[in-house]
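*Asks:* prediction below, plus the sequence it came from.
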Amino acid sequence: MLVIEQLSHSFLNGGERTSVLDGIDLRVEKREVVALLGSSGSGKSTLLNLMAGLMKPTEGSIRIDGESIERMNENRLAEFRRRHIGFIFQSYELIPHLSVLENVALPLVFQGMKPKERKEKAERLLTLVGLGEKLSMFPSQLSGGQQQRVSIARSLVTEPSIVFADEPTGNLDTKTEKDIIDLLLTLNRELGITFVIVTHEHEVALRAHRIIRLRDGRLVSQEEYEGEEDG
Ligand SMILES: Nc1ncnc2c1ncn2[C@@H]1O[C@H](COP(=O)(O)OP(=O)(O)OP(=O)(O)O)[C@@H](O)[C@H]1O
């Protein structure tokens, strides 16, 4: 599903290179829910952006569904992202002047789907995430948790094989956070969606099938982490 080999990334700042990720090897299997945990600045967002093809790595390879995304040109990558990858942002990133239904149907415009089919599909997904009664509302008329549900429906409308979520509950209270994680796990069980969820909340990470920890740009093994906890 997702295979990362020897992935490294550095940023160039005023002539100086700062290494942010160093020699990451990682496999995520189909239907897995993986939490990527690490303190602020450990490189979580950088890794997520690389995996989702939003940035190119300095070194190493990223394969999704058997295709190496780091070598694709921009057009090919944009097309690949549209078909294989979904993304959920901490701040939802909905378009304020479009209705809930239009927000979710929008990615299908780029796939050339007919308006009637787009609407039907968006409505199906919104019903699935519990917003079947809110189709014609605008994002500002919804709570944070409801806006995140819209963004989750939008991430799934193109039927991606993997969905990356960057602190999806970062702006939500504890109860809503639990509801959103419940929803992601239900979608995983019922639709077989693979999720990689970036978080710095232990409670969120503990609900994933597997936790991957990043520290200073390197993956920390389970043993190292447990040793650290004991000491
Ligand atoms: N565009 C950039 N240019 C230079 N340095 C960057 C850039 N983006 C990120 N960094 C640096 O890379 C490191 C990792 O950042 P990243 O955002 O991946 O961490 P993070 O673990 O997601 O942190 P947080 O939890 O605070 O979002 C940080 O030291 C950051 O300053």
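*Replies:* Now that the structure is in, tell me what you want to look at.
*Asks:* please tell me how far the nearest residue to residue 43 once chain neighbours are set aside sits from the ligand.
*Replies:* Among residues not flanking residue 43 along the chain, residue 217 sits closest, at 4.5 Å (C-beta to C-beta, 6 or more residues apart in numbering). The C-beta positions use only the backbone N, C-alpha and C, and glycine is treated the same way. Applying C-beta to the nearest ligand atom, to the nearest Å, the value for residue 217 to the ligand is 7 Å.
*Asks:* repeat that for residue 100.
*Replies:* Residue 100 sits at a distance of 28 Å from the ligand (criterion: C-beta to the nearest ligand atom).
*Asks:* tell me the contacts of that residue?
*Replies:* Contact partners of residue 100, counting by C-beta atoms under 8 Å, 6 or more residues apart in numbering, are 126, 131, 134, 135, 136, 137, 138, 139, 142, 150.
*Asks:* out of the residues you listed, what pair is the most spread apart?
*Replies:* Distances among the contacts of residue 100 were taken as C-beta to C-beta; the most separated pair is 126 and 138, at 13.8 Å.
*Asks:* now for the longest helix along the chain, which elements pack on it?
*Replies:* Ordering each helix of the chain by length in residues (DSSP state H) puts helix 174-191 first. When contacts are defined as 3 or more C-beta pairs under 8 Å, 6 or more residues apart in numbering; DSSP states H and E, helix 174-191 packs onto strand 33-37, helix 144-156, strand 194-199, helix 202-205.
*Asks:* quick one: buried residues of it?
*Replies:* Within helix 174-191, the residues that qualify as buried by neighbour count (16 or more other C-beta atoms under 10 Å) are 176, 177, 179, 180, 181, 183, 184, 185, 187, 188.
*Asks:* for stretch 73-87, same thing?
*Replies:* In stretch 73-87, the ones that count as buried by 16+ other C-beta under 10 Å are 77, 80, 81, 84, 85, 86, 87.
*Asks:* just the ones of the residues you listed in strands?
*Replies:* 85, 86, 87 (DSSP state E).
*Asks:* quick check, the first one in contact with residue 165.
*Replies:* Which is residue 85. No - if you go by C-beta atoms under 8 Å, residue 85 and residue 165 don't touch, sitting 11.7 Å apart.
*Asks:* returning to what we had before: neighbour count winner among residue 126 and residue 138?
*Replies:* For the pair residue 126 and residue 138, the greater number of neighbours falls to residue 126 (25 against 16), based on other C-beta atoms under 10 Å.
*Asks:* against residue 133, how distant is residue 3?
*Replies:* The spacing between residue 3 and residue 133, counted by C-beta to C-beta, to the nearest Å, is 41 Å.
*Asks:* these two - which one has more neighbours?
*Replies:* Comparing residue 3 with residue 133 by neighbour count (other C-beta under 10 Å), the higher total belongs to residue 3, at 16 against 9.
*Asks:* surely the more buried one touches residue 60?
*Replies:* No - using C-beta under 8 Å, residue 3 makes no contact with residue 60, being 10.8 Å away.
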